[in-house]
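Q: how would this look folded up:
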Amino acid sequence: MWFDVDVPGGRVYKESSFTEPGEDIVAVDSPIGRLGLSVCYDLRFPEIYQLLRFQHEAQVLLVPSAFTAVTGAAHWEILLRARAIETQCYVIAAAQTGKHGDKRESYGDSLIIDPWGTIVGRLPDRLSTGIVVADIDLSFVDSVREKMPIAKQRMPIHFWKAASL
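A: Below you'll find the predicted structure:
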């Protein structure tokens, strides 16, 4: 997907003029668990993260980004926490910050969020450069998933009937 938008209070972005989106859902095994890979604008499409979790068994979601200052202030933390909660995964979100020339400014705010939606790591200043460290406890992932078994209780999309009132 491309970030082709006219940001309210911001400017027009047209990533399709210089990038090509990927088509694959990718998860890989690592020493810290099964990683679900995504990028910046993917965060607005929860179905990608549902596939990473329920079809590819991700335990940790990676979300490197360069959210704009306007969209970052409004949506960044909320969307990250929602993706962690709805997938019961850790989310590691490395975020570019600062100005990139005269036309672009990235929001920053690198975060690590646990499967319950709690922020367990954050740079002290969203505009700072640094490294965020937090423990990734896969037994906590298992515990959350056991206590709230959404993988077993999910209904296929065709279960739901369209209705209008």
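Q: show me the strands in this structure, by range?
A: For the chain, applying DSSP state E gives strands covering 4-6, 12-14, 26-30, 33-37, 60-62, 90-93, 97-100, 104-107, 111-113, 119-122.
Q: need the winner for burial among the ones you listed.
A: Between these, strand 90-93 has the highest mean count of neighbours, a mean of 26, where neighbours are mean count of other Cβ atoms under 10 Å. In short, each C-beta sits where N, CA and C put it, glycine included.
Q: about what we covered before: so which of the strands of the chain is nearest Thr71?
A: When the strands of the chain are compared by Cβ to Cβ, strand 104-107 sits nearest Thr71, at 7.3 Å.
Q: and the helix of greatest length in the chain, what does it pack against?
A: Across the chain, the longest stretch assigned as helix under DSSP state H is helix 69-87. Helices and strands touching helix 69-87, by 3 or more Cβ pairs under 8 Å, 6 or more residues apart in numbering; DSSP states H and E, are helix 46-54, strand 60-62, strand 90-93, strand 104-107, strand 111-113.
Q: go again with 6 Å.
A: If you count contacts as 3 or more Cβ pairs under 6 Å, 6 or more residues apart in numbering; DSSP states H and E, helix 69-87 packs onto helix 46-54, strand 90-93, strand 104-107, strand 111-113.
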